[in-house]
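Novice: Fold the following for me, if possible:
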Amino acid sequence: MIPLVLFHNSMSSLKPCRATKTTTGEWPNGARENEVIRLRGYLNQEFMPKHVALIMDGNGRWAKKRGLAVQDGHKSGRINLKYLTYNCSNLGIKMLTAYAFSTENWNRSRMEIAFLMTTFEEFIQSLVEDLMTRHDIRFSAIGEKSRLPESLQSAISKAEEMSRTNKGLHFVMAMSYSGRNDVVEAAKIIAKKVERGTLQTSEIDEAMLEQELMTNIGQFPNPDMLIRTSGELRLSNFLMWQLAYSQFYFSDKLFPDFGEEDLLEALASYQYRVSAGFESDWK
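Specialist: Numbers count the residues shown, from 1 in each chain. Just a heads-up that it's a prediction; the model follows:
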């Protein structure tokens with residue numbers, strides 16, 4: 001991670017964001033109020049990423065370290081995701097896409113999968129009652145939704161419909177999602193147009209394929225920044241096309257411990273790199 005003191009020196013003239021707490025009025029995950037306020041002071045809305053992608057890794061290891069069941073780790077992760085979603089909304093981020101369940105996760109035990117599906121359903125229902133209605137957050141889900149339990153599919157449809165006209169943060173959950181399959185399905189859609197004679201192969205370009213990707217539901221389909229927790233340094237088949245030019249930030253924190261202070265450090269690192277002009281000339 002880029003030292004924050006360097007960020008501070010290069011960004012000292014930028015206007016700070018206002019510091020606020022979570023919906024419960026608390027500072028979650030042991031975040032220190034003074035440190036949160038200090039970190040918020042480094043941030044500037046001009047350089048805030050519009051779309052943040054999130055790989056929430058480490059729920060199981062978090063539970064194991066504490067001698068708890070893996071279900072307890074997933075519960076803590078669900079609570080933390082709600083806090084993080086609120087914080088992203090409060091910071092003015094326009095879109096947050098969280099990797100909740102990959103297609104590879106179907107290989108987990110039936111008991112764990114069943115628990116996760118119930119957890120996702122409860123989480124989405126709580127979003128409807130809180131973040132969507134109180135904070136104007138829009139909800140969407142991407143992935144092979146037909147593989148999900150019918151009750152979860154119903155909760156997704158209800159949340160999407162209820163929040164369709166909301167103008168705040170667009171929160172997207174990727175469930176039963178595969179980045180490679182996303183590209184394959186987009187290619188199939190284009191191939192069918194060629195078969196029907198409504199499209200010439202010479203007309204196919206990157207913009208056309210991007211329009212058929214699942215993330216095209218949002219105003220900003222390509223993330224400016226990817227955050228991954230737990231110390232892993234890989235994409236794990238997440239948004240393979242969309243992350244081509246994203247800034248990456250890897251944290252050693254397990255996801256239930258990744259609090260507001262950690263989010264602010266990640267955003268400070270992103271803003272330092274972008275504002276200082278350290279992005280590659282290849283972009």
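Novice: going forward, measure contacts and count neighbours with C-alpha atoms only.
Specialist: OK.
Novice: so who does His51 touch?
Specialist: Ile93, Lys94, Met95, Leu96, Thr97, Phe220, Pro221, Asn222, Pro223, Asp224, Met225 (Cα atoms under 8 Å, 6 or more residues apart in numbering).
Novice: which one among these gets closest to Leu264?
Specialist: In terms of Cα to Cα, no member of those lies closer to Leu264 than Ile93, at 12.2 Å.
Novice: which ones are touching the residue nearest to the closest one when sequence neighbours are not counted?
Specialist: In space, and not counting its chain neighbours, Ile93 is closest to Lys50: 5.1 Å by Cα to Cα, 6 or more residues apart in numbering. Contacts for Lys50 were tallied using Cα under 8 Å, 6+ apart; they are Ile93, Lys94, Met95, Phe220, Pro223, Asp224.
Novice: Please indicate which of these has the highest neighbour count?
Specialist: Using other Cα atoms under 10 Å as the neighbour criterion, Met95 leads the contacts of Lys50 with 29 neighbours.
Novice: Do I have it right that that residue meets Met173?
Specialist: No. With contact defined as Cα atoms under 8 Å, Met95 does not count as touching Met173 (10.9 Å).
Novice: after the helix or strand hosting Lys193 comes which helix or strand?
Specialist: Assigning secondary structure by DSSP states H and E places Lys193 in helix 179-196. Using DSSP H and E, the helix or strand that follows helix 179-196 in sequence is helix 206-211.
Novice: Identify all contacting residues around that following helix.
Specialist: Val183, Ala186, Ala187, Ile190, Asn216.
Novice: Find the residue closest to the last one in space, skipping its chain neighbours.
Specialist: Just to be clear, that refers to Asn216. That would be Glu210: by Cα to Cα, 6+ apart, it lies 7.1 Å from Asn216.
Novice: The one you found: neighbour count?
Specialist: Applying other Cα under 10 Å, we find 18 residues neighbouring Glu210.
Novice: try Asp252
Specialist: 15.
Novice: The one 10 residues further on too?
Specialist: By other Cα under 10 Å, the residues close to Asp262 number 17.
Novice: where exactly do the strands run in the stretch 51-200 of the chain?
Specialist: 51-55, 95-102, 138-142, 170-177 (DSSP state E, counting those that start in this stretch).
Novice: Select, out of the ones you listed, the one closest to Arg196.
Specialist: Arg196 sits nearest to strand 138-142 of all the strands of the stretch 51-200 of the chain, at 26.8 Å, using Cα to Cα.
Novice: OK, contacts around the closest residue to Phe238 other than its chain neighbours?
Specialist: Distances taken as Cα to Cα, 6+ apart put Gly179 closest to Phe238, at 4.8 Å, once the chain neighbours are dropped. Gly179 makes contact with Asn237, Phe238, Leu239, Met240, Trp241, according to Cα under 8 Å, 6+ apart.
Novice: re the thing from before, with mean pLDDT and distance to Ser126 as extra columns, can I get the strands of the stretch 51-200 of the chain in JSON lines?
Specialist: What follows is the strands of the stretch 51-200 of the chain, written out as JSON lines (pLDDT from 0 to 100; distance: least, Cα to Cα, whole Å):
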{"stretch": "strand 51-55", "mean pLDDT": "98", "distance to Ser126": "20"}
{"stretch": "strand 95-102", "mean pLDDT": "98", "distance to Ser126": "16"}
{"stretch": "strand 138-142", "mean pLDDT": "97", "distance to Ser126": "12"}
{"stretch": "strand 170-177", "mean pLDDT": "98", "distance to Ser126": "14"}
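Novice: neighbour-wise, which of the contacts of Gly179 leads?
Specialist: Each of these was scored for neighbours by other Cα under 10 Å, and Leu239 scores highest at 27 neighbours.
Novice: Give me the distance between the nearest residue to that residue once chain neighbours are set aside and Tyr249.
Specialist: The spatial neighbour of Leu239 that comes closest, neighbours along the chain excluded (Cα to Cα, 6+ apart), is Gly179 at 4.7 Å. For Gly179, the distance to Tyr249 equals 19 Å [Cα to Cα, to the nearest Å].
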